[in-house]
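> What follows is a predicted protein model with its sequence.
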Amino acid sequence: MATPFSGIDGGGAGGVAVMAGPVNPIDPSTPSKACLKNSALKSPILIFLFFHKAIRSELDGLHRVAIAFAATGGDIKPLLERYHLFRSIYKHHCNAEDEVIFPALDIRVKNVARTYSLEHEGESVLFDQLFELLNSNMQNEESYRRELASRTGALQTSIDQHMSKEEEQVFPLLIEKFSFEEQASLVWQFLCSIPVNMMTEFLPWLSSSISSDEHQDMHKCLCKIIPEEKLLRQVIFSWMKGTKLSDSCKSCEDNSKARCQDSGALTLLCQSMKRHCACESSRIGKRKYMELNCDATLSTEFHPIDEILLWHNAIKRELNDITEAARSIQLSGDFSNLSSFNKRLQFIAEVCIFHSIAEDKVIFPAVDAELSFAQEHAEEEIQFDKLRCLIESIQSAGANTSLTDFYTKLCSQADQIMDSIQKHFQNEEVQVLPLARKHFSAKRQRELLYQSLCVMPLKLIECVLPWLVGSLSEEEGRSFLQNMYLAAPASDSALVTLFSGWACKGRSKNVCLSSSAIGCCPVRILARTEEDTKQRLCECSHTSSVDGKSSFVHADGADDCRRSGKGGNLLVREDSNACPSAEPVDIQKSSCSNKSCCVPGLGVNSNNLGISSLAAVKSLRSSFSPSAPSLNSSLFNWEMDISPTNIGCLSRPIDNIFQFHKAIRKDLEYLDVESGKLNDCNETLLRQFTGRFRLLWGLYRAHSNAEDDIVFPALESKETLHNVSHSYTLDHKQEERLFEDISSALSELTRLQEYLKNTNHADDLIGKHANLSDCNDTVGKYNELATKLQGMCKSIRVTLDQHVFREELELWPLFDRHFSVEEQDKLVGQIIGTTGAEVLQSMLPWVTSALTQEEQNRMMDTWKQATKNTMFSEWLNEWWEGTSAATLHATTSESCISLGTDLHESLDQSDHTFKPGWKDIFRMNQNELEAEIRKVSRDSTLDPRRKDYLIQNLMTSRWIAAQQKSPQARTGDHSNGGDLLGCFPSFRDPEKQEFGCEHYKRNCKLRATCCGKLFACRFCHDKVSDHSMDRKATSEMMCMRCLKIQPVGPVCTSVSCGGFLMAKYYCSICKFFDDERAVYHCPFCNLCRVGTGLGVDFFHCMKCNCCLAMKLADHKCREKGLETNCPICCDDMFTSSASVKALPCGHFMHSTCFQAYTCSHYICPICSKSLGDMSVYFGMLDALLASEELPEEYQDRCQDILCNDCDKKGIAPFHWLYHKCRFCGSYNTRVIKVDSADSNCSTSNQ
């Protein structure tokens, strides 16, 4: 792939780049001046750090003013004006990034830029919401002012995080992938993509937001960025100063050494400005004379505003040509030049849209505030976009598809655009122009036209002016330039000079229209001024009208050419593709010949990025419109047809992970709304708010960790998706800091609340208010912190809401495109496999409370499918059954309770398994018992393990029931534990008096339901009994301190014990106690296991159905591999309390068995694969065989072997013990044919 800057020397290599490792981020936190200076001079792209600093400074000022307004009130108009200015500046900053920086980056590094463009859209929505609030009628209410402050804070947080991410990810990539010249070109294109009228505000605002030293540094950086053309530099630096030319002359004279010592071009600029200062009075006189002369010579019927008709005619003429070109394509069937046709379409679309913007923003508001054609303009934009999409469809269809329908649609769409624009223009000419002629003077009309032209960016004006003037007659072109010159302020002299030179390029003949229009050529004025400044100094007091007139005399063409050609800086650049779409007429390249103007081109339209101004165009129309790259940029071409609406129509396993977003949004709304009520010092509300926040924080952390550890790496593993998730990982880090800030604020609020409570309680006791002033200060601090907390909650809501929206828009569709259903099921299993039981118990009611019943069912179906090999359904049943309504009410909302109950009921209704009680079984006769066993045996819906369990229990039911009958009859006699077997404490360490047994340390005994006896654990029971204890059926325990038998639970209910803990860990499902180890309950094994927890040091593999250490994430899966006996000791491994070893082949055995077995074996006893890396051992065998010499009769004999490691057959030399595989080098082989007749066994393989 070619480099996007092939026309620039020193360009880097092209192609798609992948972030092979972490890119060193740029520290955005208060960079030192020297560091910022050096970095910006070394990497032009870092001039954006100056922009970011100004934006941060303005945001901070706005937030402080908004907070002060919330506290004291006052006039909102100054604040509103400041909001409008900042919004306009930041919007165009984003548009220029979307148009220039991000498409260029997307060519070199894929999957990075789109996220940041989506963030620009989200920030535009925030601005919309903020201005909707500003335009409301509640400005005098306190809630309004607090909401304004919180929304301003949210906007500040969002933009600051966005810029920080750019500095950490985007800027280092631009520095790494683009050379110095390419970076300078990008920044120059960025500046040329901002509308002219905004540049006149943006650069002065930027200059005022940085220090004087930083201003000089940025000045030097711009000298390296702006092409070495004196006129271009004069335009930019005059904007940067933001003052009138007369003022800037004095400023330049006073500071010439400081400002111009670094560049000869700047020195000449200052001298040129002095020359203009010397002739200012003459120029003003000449200007006034021209205005009077113009007004006198023109007829009274001439109105400058009629110049709009010239634009209308040129646009209609170009659209008519495009329509004819579409018909010719249809008739000829030749679509080889379709790309050129598309460029012309794109150009005229930009012209139409910017023309519409100028009318909406400049002309119509001045003529009549209620007059609007915004709807017509928006419809035309949609029609252009449809035509562009149709052309792209034709291009993508190629020669393999019949293009007849495409061509027919193409002509039809072009005709529709032509008809709608003709009607639109006719209505404007009838309704608008008469009002403008009537109410505005000629001067005001010219000003409106000039302001309308300045709505466009420089790069578009460079193409539009020659296109427009080329379509006019000589008299119309002269009038156009004359009106532009008269309307432009004196500070825009360099800009008008540039415009005039560009306009003259549109003439087919080498004629300078400026000379005949204004009596002189501005370009030659600049050239003469530059030469004159080399000969004499400026003398402002000695200037006559004759001198002034002579300065505007039309110079000889050859002379002018020699003058401008000396430095080579005023010559037009030879950009053959400068305006590829702006060539409806034959525009010749400018050259220094007899009467032509020679002005520099911008040099921004010759790059190969294929970008246009439509990003800025779309967002200029209204306060919010999607800010996307150009129409033919590849940045958004993928997934542009995907929206959250049609996403929801599809059903994919991964979708259920995104269902968490719905619950997150619900809780974010709660935090945002309820945080506004914390000013009342309500203790109950603060406690509830804090609990809800802690729940959201914990669950969101689990969700983001799952994305960072599982989902994002899965995306990055696809070759085409590298770098797609890095921005979202940065989001998680920033959001974690926001949660921490809110947590700190809530802790401080709680402390102040406790202080106020204790103070009021003390005052009530002594009957007076001794600390009234101190109490008032505390209340003030509380209210101030509560207001700050409201803003923080607004910020976290905005940030997370935009984050999850971008995930759904950008990442969600990728799973359907790049992952099969099986892969998605595996991802879901990995995510929930790292989620502990406690988290699931909090998460499930929280998520289901935000979902409909249908969504709940779909989510649970997906979870059950992903956990089909596990005990998850069993755990879910036991958990819901063991959770009382009171417990649910204490931890969740009422809606959670009802939804959870519905889920439990649906699970019960789906289980039709026969579950008889002991009394029912005891009453059964033998025939009934056998019938029930057959019924269970024939039930195909039952899991085989469940079926075996039921049949075994039915067959032994009579004996079990007989054993149970005696203890149940004596229950009342032993309720106090006096004669009950085992009703005494047992000790794990008698010397230290530690309760427990040899197996566990715990402070209670369990009462076995099978025999009614008390034991410290199930192992103690099984050791002395002829049956096993079902610990999950345990319902009673005995505290070994007070010896009271009571319902099983984590603490002793006896008053004398005072809440004595039975153990540090208690599981209500397994009825398991442990007082010395870290234990967790796995909801998928439905057992308690030793470890810190799922997602910490263990995860549950859904296929193997076992908990494995995190380091075994890349293991070989075997379905239900742990649900078997140890191949060495034959004990069950799934329920074993001993540690289990995972073998490389995917089988398992006890760790102790593995250690004993490997003393004499190195192959798996099940599959015969090697148990580890045997390279050292096999090397020893190689040395041994090399030293051996077989008897002569065996040396040529071969044996057919099968390798147990690679499963390949081969031939090996004869040996009694060792046979090496020729494919993998393993000696783990077996002989399948003893004597082979192949004499070439040393080289042959099969």
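Nice, thanks for sending it over.

> Now do the buried residues in stretch 844-859.
By neighbour count on 16 or more other Cβ atoms under 10 Å, the buried set for stretch 844-859 is 844, 845, 846, 847, 848, 849, 850, 851, 855, 856, 858, 859. Where C-beta positions appear, they are placed from N, C-alpha and C, glycine not excepted.

> typo on my end, it should be stretch 1059-1071
Neighbour-count burial for stretch 1059-1071 [16+ other Cβ under 10 Å]: 1060, 1061, 1062, 1063, 1065, 1066, 1067, 1068, 1069, 1070, 1071.

> which residues touch the first one?
The neighbourhood of residue 1060, defined by Cβ atoms under 8 Å, 6 or more residues apart in numbering, consists of 1003, 1039, 1041, 1042, 1051, 1052, 1054.

> Go through this structure and flag its longest helix.
helix 726-766 (DSSP state H).

> Distance from the chain centre to that one, please.
Helix 726-766 sits 28 Å away from the centroid of its parent chain (Cα atoms, centre = their mean, to the nearest Å).

> Who are the packing partners of the helix or strand just after it?
Counting by DSSP states H and E, the element after helix 726-766 in chain order, helix or strand, is helix 772-806. When contacts are defined as 3 or more Cβ pairs under 8 Å, 6 or more residues apart in numbering; DSSP states H and E, helix 772-806 packs onto helix 113-134, helix 142-165, helix 655-674, helix 726-766.

> could you give the angle of helix 772-806 to helix 142-165?
50 degrees (axes from the mean of the first three to the mean of the last three Cα atoms, to 10 degrees).

> picking up where we left off before, can you select the buried ones among the contacts of residue 1060 for me in ChimeraX?
Under the burial definition 16+ other Cβ under 10 Å, those of those that qualify are selected in ChimeraX by:
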select :1003,1039,1041,1051,1052
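
> and residue 874, how many neighbours?
If you count neighbours by other Cβ atoms under 10 Å, residue 874 ends up with 16.

> May I have the residues that are in contact with it?
Counting by Cβ under 8 Å, 6+ apart, the residues that residue 874 touches are residue 1086.

> tell me which element it falls in.
Residue 874 belongs to helix 872-882, assigned by DSSP H and E.

> And that helix, how far out from the chain middle?
For helix 872-882, the distance to the chain centre is 37 Å (Cα atoms, centre = their mean).

> now that helix: mean pLDDT?
For helix 872-882, the mean pLDDT works out to 78.

> Parallel or antiparallel, which strands does the top strand by length along the chain pair with?
In the chain, with assignment by DSSP state E, the single longest strand is strand 1229-1236. As defined by DSSP bridges, the strand partners of strand 1229-1236 come to strand 1198-1203 (antiparallel).

> distance between the strand it pairs with and the chain's centre?
57 Å.

> Mind checking the pLDDT average for that strand?
Mean predicted confidence for strand 1198-1203 is 90.

> hang on, the earlier thing: and which of the buried residues of stretch 844-859 is nearest to residue 137?
residue 850 (33.6 Å; Cβ to Cβ).

> Let me know the secondary structure of that closest one.
The assignment at residue 850 comes out as coil when based on DSSP: H, G, I helix; E, B strand; the rest coil.

> give me every residue that touches it.
662, 663, 665, 666.

> so who does the residue lying closest to it once chain neighbours are set aside touch?
In this structure, residue 850 finds its nearest non-sequential neighbour in residue 663, 4.0 Å apart by Cβ to Cβ, 6 or more residues apart in numbering. Residue 663 makes contacts with 699, 846, 847, 849, 850, 851, as judged by Cβ under 8 Å, 6+ apart.
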